[in-house]
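Q: Model the structure of this input:
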Amino acid sequence: MSIRSASTLAAGCCAMSQTMSSFKSSHFKRIFMLGALALTFGQASATLIDFNSLATGTVVTNQFAGLTFASEPGQQIVAGSGFVCTGTPTWNCTQDVYIDFAAGAANISIDAIEPNEFGTVATFFLYSGATLLGTQDLIGLASVSGKFGFGTKTVSLGSFSGVTRLEIRGPGGVGDLDNSYGGSGIGWDNLHYDSSPSVPEPGTWSLMLLGALTIGAVKRAKAVRQG
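A: Numbers count the residues shown, from 1 in each chain. Got it, this is the predicted structure:
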């Protein structure tokens, strides 16, 4: 073999090696990207709304992406200093609060401010579409009937998922919030929830399927070479 032929052969082998190296690199990059994509779709997105960005007296409706706030007819949700409650718009804090989630929510919690009476002072109704998922009572801070407690109580609704609507009503769904014997109603703060993981579009599923097929083809080619 001439020196020129050997040089050409070496150059060809080098080019093939670089091509294979490039193929492997792009192959593993593709696998990594698919894995990252799958991870992204499998994770929920956590959100905390503390209402601090709202000026006192602001009527709260859809200022926060993916959420809509409302109350019963004739009432509004009104911002205080870092909290919200019902009003006309003068605060009364005793009427129903409705929160709609654009995407199904899970791990919901919210702070109840001054649920001061004794016993059940409000009931949470959680829905997925038109389906009632369940209810949960809020027990007031007073230790005995006729007396008042003071402070803030975090309400955890973590046992519910896929929630599209949360309704906070009077005890058992009847009457006012925290106002059976002179309570001052309830304010609300620090709404936390996780949005349900997104569902990939058909085009994304196609891309992921193509990637899986590519991985399979590479493995088969490798098995043939080794055999």
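Q: now the chain, which segments are flagged as low pLDDT?
A: Within the chain, the stretches with pLDDT under 70 are 1-44, 196-227.
Q: in it, which spans are helices?
A: 3-42, 202-226 (DSSP state H).
Q: Next, find the distance separating D96 from G151.
A: To G151, D96 is 23 Å away according to Cβ to Cβ, to the nearest Å. The C-beta positions use only the backbone N, C-alpha and C, and glycine is treated the same way.
Q: what about those two, which has more around it?
A: D96 (20 against 10; other Cβ atoms under 10 Å).
Q: Quick check on the more buried one: phi, psi?
A: phi -60, psi 150 (degrees, to the nearest 10).
Q: wait, doesn't it sit right on P73?
A: No. Between D96 and P73 there is no contact under Cβ atoms under 8 Å: 9.9 Å.
Q: Let me see the contact set for the closest residue to S45 other than its chain neighbours.
A: Once flanking residues are discounted, S45 sits nearest to S195: 4.4 Å by Cβ to Cβ, 6 or more residues apart in numbering. Neighbouring residues of S195 by Cβ atoms under 8 Å, 6 or more residues apart in numbering: 44-45, 47, 66, 101, 103-105.
Q: Of those, which is the nearest to D176?
A: Ranked by distance to D176 (Cβ to Cβ), these are led by F101 at 24.8 Å.
Q: For burial, what's the neighbour tally of the closest residue in space to the closest one that isn't next to it in sequence?
A: Ranked by Cβ to Cβ, 6+ apart and with sequence neighbours excluded, the top spatial neighbour of F101 is T164, at 5.3 Å. Other residues within reach of T164, judged by other Cβ under 10 Å, total 19.
Q: surely T164 meets A130?
A: No. Applying Cβ under 8 Å as the test, T164 and A130 come out as separate, 9.4 Å apart.
Q: Flag every buried residue along stretch 63-81.
A: Buried residues in stretch 63-81, defined by neighbour count with 16 or more other Cβ atoms under 10 Å: 64, 67-71, 75-80.
Q: how much space between F83 and I77?
A: According to Cβ to Cβ, F83 stands 11 Å off from I77.
Q: got it, and G187?
A: Using Cβ to Cβ, we find G187 at a distance of 11 Å from I77.
Q: Same check on S109?
A: Separation of S109 from I77 (Cβ to Cβ): 18 Å.
Q: Likewise for Y98?
A: Noted for Y98: a distance of 8 Å to I77, by Cβ to Cβ.
Q: What of G87?
A: G87 is 8 Å from I77, where distance means Cβ to Cβ.
Q: repeat for Y181
A: 25 Å.
Q: And for F69?
A: According to Cβ to Cβ, F69 stands 4 Å off from I77.
Q: joint contacts of the two?
A: 60-61, 84, 97.
Q: can you list those residues in JSON lines and add distance to F160 and neighbour count?
A: Compiled in JSON lines, these are given as follows (distance: Cβ to Cβ, whole Å; neighbours: other Cβ atoms under 10 Å):
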{"residue": "V60", "distance to F160": "23", "neighbour count": "22"}
{"residue": "T61", "distance to F160": "24", "neighbour count": "12"}
{"residue": "V84", "distance to F160": "21", "neighbour count": "25"}
{"residue": "V97", "distance to F160": "16", "neighbour count": "25"}
